[in-house]
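Asks: Need the 3D shape of this:
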Amino acid sequence: MKATLRRFLGIFAVFLFMMAMVQSYARCPCEKPKPPKQNESYEKIYVDPSQVNIRENQIWVMMENQPFKTQAIFSDGKGIFIRDYYTGDCQDGFWQCRTCGACNENYYLWCRTCGGT
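Replies: Take a look at the predicted model:
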């Protein structure tokens, strides 16, 4: 009797774990933000200099806690700005969520945007 109960509880625990993993993929209410393509936006998007990161011949800008790649940085009397940015790749030290596509720092186990992986 006790062995049957232990086996049932073990199977039930595995089932609950699997359901929790399925829920982490299915519960994402977010949709990946779709920034304009390079040739669609000619607006100036002003950024703080601390948001700019240059690595391996690539320029990354942190906006809304997400890294975005850009081709050039400009400046005028008001400050530093960009005119285009791209999504799809995450810079070194980040991983991309399979559920919503957001970039997260490597030390996060779950996506900060949607809770997925």
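Asks: show me where this protein has helices.
Replies: Applying DSSP state H to the chain gives helices spanning 2-26.
Asks: the strands in the protein, which residues?
Replies: Using DSSP state E, the strands of the chain run over 45-47, 52-55, 58-63, 66-70, 74-76, 79-82, 94-96, 103-105.
Asks: Show me what counts as buried in the first one.
Replies: The neighbour-count check on strand 45-47 (16 or more other Cβ atoms under 10 Å) flags 45, 47 as buried. All C-beta atoms are positioned from the backbone trio N, CA, C, and that covers glycine.
Asks: so how far is Gln51 from Gly77?
Replies: Distance of Gly77 to Gln51, computed by Cβ to Cβ, to the nearest Å: 19 Å.
Asks: Counting neighbours, go ahead and name the busier of those two.
Replies: Using other Cβ atoms under 10 Å as the criterion, Gly77 and Gln51 rank with Gln51 on top: 15 against 4.
Asks: ok, now which ones touch the more buried one?
Replies: By Cβ atoms under 8 Å, 6 or more residues apart in numbering, Gln51 lies in contact with 61-63.
Asks: quick one: low-confidence ranges for the chain?
Replies: Low-confidence segments of the chain (pLDDT under 70): 1, 21-42, 87-89.
Asks: roughly how far apart are Pro67 and Leu5?
Replies: Note on Pro67: its distance to Leu5, by Cβ to Cβ, is 51 Å.
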